[in-house]
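Peer 1: curious how this folds, go ahead:
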Amino acid sequence: MRLEDAKKDHYRKLAKELGYRSRSAFKLIELNKKYNLIKSNDNILDFGAAPGGWLQVSSKLVMPKGKVIGVDLLPIMPVEENVTIFQGDIREKEVIERILHAGKGKVDVVLSDMAPNISGIWKIDHNNQIDLTMLIIDRFPELLEKNGSCLLKAFDGPRLKSLENNLKKNFKNVKLIKPKVSRNASSELYIFCRGFR
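Peer 2: Okay, the predicted model is just below:
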């Protein structure tokens, strides 16, 4: 077995043992430990939340009074009492209104592990993924508190720099990260931003 496959299998097995719905839960655990992204009593908004691994992690981190909202086109099984789930498209005004109503206003942190349906054609997948991430960024004025933070998935490629520059205009600190849990061969990165202007 290749080292990459062994790493993937290790986290998949560990997720099953610990009751997480996806191995990606460990990406959020790792990055939160390093950057202190999610704090007790924060209100969190998680885009592309299915199957719910990040929701499970967030719901524990925001205890005792924080709330988590998960949004995805796919259905998500209920998580904890402090997690509200919406099935819908973030391009729809009604979905944004429901988010704001459920969170009683703007949130402290926006998370996104969103990815498009992978075609296998790198240029198309890169463009589609960056477009998805831009959709979220365009919603920040409506959804994210001043001085809020975000953690966004991005596929490496020619448009990554312009995405990073866009975020630098809106946040005090912007950092590109490759979690240890991610496969080395994957073009997947995360952008951590703090201090929304």
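
Peer 1: list the contacts of the strand ranked longest in the chain.
Peer 2: Ranked by number of residues, the top strand in the chain under DSSP state E is strand 144-155. Strand 144-155 is contacted from outside by 28, 31, 37, 48, 106-115, 125-126, 129-130, 133, 136-137, 140, 160, 163, 171, 176, 187-197, using Cβ atoms under 8 Å, 6 or more residues apart in numbering. For glycine as for every other residue, the C-beta is placed from the backbone atoms N, C-alpha and C.

Peer 1: swap the cut-off to 7 Å and go again
Peer 2: 31, 37, 106-115, 125-126, 129-130, 133, 136, 160, 163, 187-196 (Cβ atoms under 7 Å, 6 or more residues apart in numbering).

Peer 1: strands - which of those residues land there?
Peer 2: 107-112, 188-196.

Peer 1: out of those residues, who's nearest residue 121?
Peer 2: Checking the ones in strands among the contacts of strand 144-155 against residue 121 by Cβ to Cβ gives residue 188 as the nearest, at 16.3 Å.

Peer 1: okay, now that closest one: neighbour count?
Peer 2: Using other Cβ atoms under 10 Å, the number of residues around residue 188 comes to 18.

Peer 1: same check on residue 43?
Peer 2: 21.

Peer 1: now residue 157
Peer 2: 17.

Peer 1: quick check: phi and psi at it.
Peer 2: Dihedral pair for residue 157: phi 160, psi -170, per degrees, to the nearest 10.

Peer 1: what's the answer for residue 28, then?
Peer 2: Backbone torsions of residue 28, given as degrees, to the nearest 10, read phi -70, psi -40.

Peer 1: touching, it and residue 54? I think so.
Peer 2: Yes: taking contacts as Cβ atoms under 7 Å, residue 28 lies within contact range of residue 54: 5.0 Å.

Peer 1: neighbour count: these two, which is higher?
Peer 2: More crowded of residue 28 and residue 54, by other Cβ under 10 Å: residue 54, with 30 against 26.

Peer 1: outside of the helix or strand that contains the more buried one, which residues touch it?
Peer 2: Assigned by DSSP states H and E, residue 54 falls within helix 53-61. Applying Cβ under 7 Å, 6+ apart, the contact partners of helix 53-61 are 20-22, 24-25, 28-29, 32, 38, 44, 46, 49, 68, 70, 79-80, 82-83, 111, 113.
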